[in-house]
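Visitor: pasting a predicted model and its sequence here:
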Amino acid sequence: MSGVEVALRARATLGEGPVWDAAARRLLWVDILGSRVHTFDPATGRRSVRVTEQHVGAALPRAGGGVAVNLRDGVGLYEPDGAFRWLYHDPVPGRRGNDAAVAPDGALWAGTMRYDEAPGGGTLTRITGDGAADTVLDDVAVSNGTGWSPDGTLMYYADSPTGRVDVFDVDGPRVVNRRPFARIEDGAGFPDGLCVDAEGCVWVALWNGGAVRRYTPDGRLERFVAMPVSRPTSCAFGGPDLTDLYVTTAATGDPRPLAGSLLVLPDAGHGFVQPPFAG
C-alpha cells in the first residue's frame, strides 16, 4: 500500500474533510451522506460520532470550543455542550454543503454543490465569525479542496470537474488573479480535497484516481502515493508533530475492502497548525 496504513477501518459512504484540531489533539472528519461527524484521537484510539440532522460536508474546530459544520442548508455551530444554532442559513432546493476550510484570518470558506452536480449550481462563500457572508464564486460545479500557503499569500482551490487545482493571490479578505496551478490528466481521476504542507507543497486526493499527489509550489508533480481504494476524497496532516497524512475515502461506488476507511501515511512530511474558525 505504498506505506499507507489503516487508521480506522470503517465503511463511510462518503468520508471527507479531515482536519486536525490542535487544541483537542484529535482529527475531525465527516461522512457526508451518512450525516456523521467523527473524531479520532490517534494517541489513545478513542473515537466519537455525532449524528447531524442534515448531510454534513465539513466539520471544523472553533476558537471558543465546539464545531462549525457545513450542512445542506448552510453553516451551523455546535457549542461545547452540544447545543446547535445556525450561523448562516441559506437553503436552496437540490443543493448541499461540501468541502470547507478556515483561512489564516479565521474566516470560514464554505463550498456548496448541487446533488446532481450540475455545472454552475455550486458556490464558494466566505463567512466571518459573526455570520457575515460574501459569495466569492457563484459559478461552481463541485466546490472542493481549499487551502492556503504557509505565509497566507496564496489560496488553492479545486472545482473537481474542471480537472484543475487553481491558485489565487490573497488580497486582505479577497482573493484575486485566479490561474491554473496543476492540471490532472485525463483518466487520472478528479481533484478532490487538498491540504498544504509546511514547505508550501500541495497534496491533493484524486477521486476515481486511487492516489494522492504532492505538487511543489511551482506546480510540479513531486510525489505520487497509490491508495488501496479508488476514491480517496481529502487529506490533512495530523498527529502530535503534524507529520502523518490522514486520508478520507468513500465506500460508495468502490467495492474494495478498505473503501470508506480512514487511512494514514505516517511521516509523510510536515504540516502546520490550521487556525480554528473565529465563530
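Guide: Received, thanks.

Visitor: mind pulling up the pLDDT for residue 152?
Guide: Looking at residue 152, its pLDDT stands at 98.

Visitor: is it in contact with residue 171, as I believe?
Guide: No: taking C-beta atoms under 8 Å as the definition, residue 152 is not a contact partner of residue 171, at 11.3 Å. All C-beta atoms are positioned from the backbone trio N, CA, C, and that covers glycine.

Visitor: for the one helix or strand residue 38 maps to, list the C-alpha coordinates in PDB.
Guide: For residue 38, the host element (DSSP states H and E) is strand 36-40. Coordinates of each C-alpha in strand 36-40 appear next as PDB, following Å, rounded to 0.1, in the frame of the first residue of the first chain:
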ATOM      1  CA  ARG A  36     -22.000  12.000  10.800                       C
ATOM      2  CA  VAL A  37     -19.100  13.900  12.300                       C
ATOM      3  CA  HIS A  38     -16.300  11.700  13.500                       C
ATOM      4  CA  THR A  39     -13.500  12.400  15.900                       C
ATOM      5  CA  PHE A  40     -10.300  10.300  16.300                       C
END
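
Visitor: so what secondary structure elements neighbour it?
Guide: Contact analysis of strand 36-40 by 3 or more C-beta pairs under 8 Å, 6 or more residues apart in numbering; DSSP states H and E lists strand 5-8, strand 26-31, strand 47-51, strand 56-61 as its packing neighbours.

Visitor: which positions in that strand come out as buried?
Guide: By neighbour count with 16 or more other C-beta atoms under 10 Å, strand 36-40 contains the buried residues 36, 37, 38, 39, 40.

Visitor: and the first one, bridged to which residues?
Guide: According to DSSP bridges, the residues that bridge with residue 36 are residue 31, residue 51.

Visitor: one more: the last one?
Guide: Beta-bridge pairing of residue 40 under DSSP bridges involves residue 27, residue 47.

Visitor: so how far is residue 15 from it?
Guide: Residue 40 sits 12 Å away from residue 15, going by C-beta to C-beta, to the nearest Å.

Visitor: which residues do those two both contact?
Guide: The contact sets of residue 40 and residue 15 overlap at 29, 262 (C-beta atoms under 8 Å, 6 or more residues apart in numbering).

Visitor: shaky segments in the stretch 101-250 of the chain?
Guide: Within the stretch 101-250 of the chain, no stretch has pLDDT under 70.

Visitor: where along it do the helices fall?
Guide: Read by DSSP state H, counting those that start in this stretch, the stretch 101-250 of the chain holds no helices at all.

Visitor: which other residues reach stretch 84-98?
Guide: 16, 32, 54-58, 68-79, 110-116, 121-122, 125, 127, 131, 133, 142-144, 279.

Visitor: now list the buried members of the residues you listed.
Guide: Buried positions within the contacts of stretch 84-98, assessed by neighbour count (16+ other C-beta under 10 Å), are 16, 32, 54-58, 68-78, 110-114, 121-122, 125, 127, 133, 142-144, 279.

Visitor: which of these fall in strands?
Guide: Judged by DSSP state E, strands contain the following of the buried ones among the contacts of stretch 84-98: 16, 56-58, 68-71, 74-78, 110-114, 122, 125, 127, 133, 143-144.

Visitor: the longest strand in the protein is where?
Guide: Longest strand in the chain, counting by DSSP E: strand 174-183.

Visitor: adjacent strands (with direction) for it?
Guide: Strand 174-183 has the following sheet partners, assigned by DSSP bridges: strand 164-171 (antiparallel).

Visitor: give the buried residues for the longest strand of the chain.
Guide: For strand 174-183, burial by neighbour count (16+ other C-beta under 10 Å) applies to 175, 181, 182.

Visitor: could these go into a markdown table alongside distance to residue 265?
Guide: Putting those into a markdown table (distance: C-beta to C-beta, whole Å) gives the following:
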| residue | distance to residue 265 |
| --- | --- |
| 175 | 29 |
| 181 | 22 |
| 182 | 19 |
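
Visitor: identify, from these, the entry nearest to residue 207.
Guide: The closest of those to residue 207 turns out to be residue 182 (C-beta to C-beta; 14.9 Å).

Visitor: next one: that closest one from residue 191, what distance?
Guide: To residue 191, residue 182 is 8 Å away according to C-beta to C-beta.

Visitor: great, nothing more from me.
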